[in-house]
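Participant: next comes the sequence, and after it the predicted model I'd like to discuss.
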Amino acid sequence: MSGFDLVFAAFGLLLGLAISEVLGGFSRALKLKRGAKAVRIGWLTPLLGLFVLLDLTSFWLTAYEARAQMDANYLTLTAVLALVGVYYLAATLIFPDEPEDWPDFDQWYDRHKRLVIGGVLCANIGNIVGQVALEIYRPSTGPALSADADYWMSLALLGLFGALIALLFVRHRWVNGALLVALIAILLVGSVYMDQQP
């Protein structure tokens, strides 16, 4: 087992638990929606869940791309625990544990969105800080991004962080929905674009 295998096993376990939390929330909501008790799920909570799933997937890819730069040591494992631990805690707050107690999921979203979005924002900032630290400590030997790809990547990150920060403050539900759709689009378009790069 290589050093990266050890780090990635911890990373994958924690990310897997976070993804399981989100998917479990979707499952509970679907079961309740089809049950006897009337529940309004709305769009905000499912959109937030979808965004978090996509962002967690990008975390997984980022870790894999940095495999040659990571060491298996206590500092790396602690950083992984902190980074993905924050994400796991945020993921547990997307859907209610007892969905039958929340007849309108939009009310749940209104009450918990700042904790979820704040956790996602902190995890993404931590991810970027970690990437910069790895690049300083052990520069990547792979091909560098083209100037065009670097420009679009920077623009996507600005859009991502701008939308996350805006979500912390906006109150109107339709604006929240539009920002979540924009975040999902940024992740999907950005990932497809980056996959096309050499």
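Facilitator: Structure's in. What do you need?

Participant: nearest the middle, which residue of this structure would you pick?
Facilitator: Against the mean C-alpha coordinate of the chain, by C-alpha atoms, centre = their mean, the closest residue is residue 55 at 3.2 Å.

Participant: and that residue, what does it touch?
Facilitator: Taking C-beta atoms under 8 Å, 6 or more residues apart in numbering as the definition of contact, the neighbours of residue 55 are 120, 124, 187. Just so you know, the C-beta spots here come from the backbone N, C-alpha and C atoms, and that holds for glycine as well.

Participant: one more time with 10 Å
Facilitator: Under the criterion of C-beta atoms under 10 Å, 6 or more residues apart in numbering, the neighbours of residue 55 are 18, 87, 90-91, 120, 123-124, 127, 160, 164, 183-184, 186-187.

Participant: quick one: residue 156 is in a strand?
Facilitator: No: remark: residue 156 does not belong to a strand; assigned using DSSP: H, G, I helix; E, B strand; the rest coil, it is helix.

Participant: right, and it touches residue 124 too?
Facilitator: No: checked against C-beta atoms under 10 Å, the pair residue 156 and residue 124 is beyond contact range at 11.9 Å.

Participant: which one's more surrounded, the two?
Facilitator: Neighbour tally, residue 156 and residue 124, criterion other C-beta atoms under 10 Å: the higher count belongs to residue 124, 20 against 17.

Participant: buried set for the particular helix or strand that has that one in it?
Facilitator: For residue 124, the enclosing helix or strand under DSSP states H and E is helix 105-137. The neighbour-count check on helix 105-137 (16 or more other C-beta atoms under 10 Å) flags 105-106, 108-109, 112-113, 116-124, 126-127, 130, 134 as buried.

Participant: which strands or helices does that helix pack on?
Facilitator: helix 3-33, helix 44-65, helix 74-92, helix 147-169, helix 173-195 (3 or more C-beta pairs under 10 Å, 6 or more residues apart in numbering; DSSP states H and E).

Participant: now the closest residue to residue 137 other than its chain neighbours, what's its secondary structure?
Facilitator: Nearest residue to residue 137 in three dimensions, chain neighbours excluded: residue 69, at 7.4 Å (C-beta to C-beta, 6 or more residues apart in numbering). Three states are possible here, and by three-state DSSP the one that applies to residue 69 is coil.
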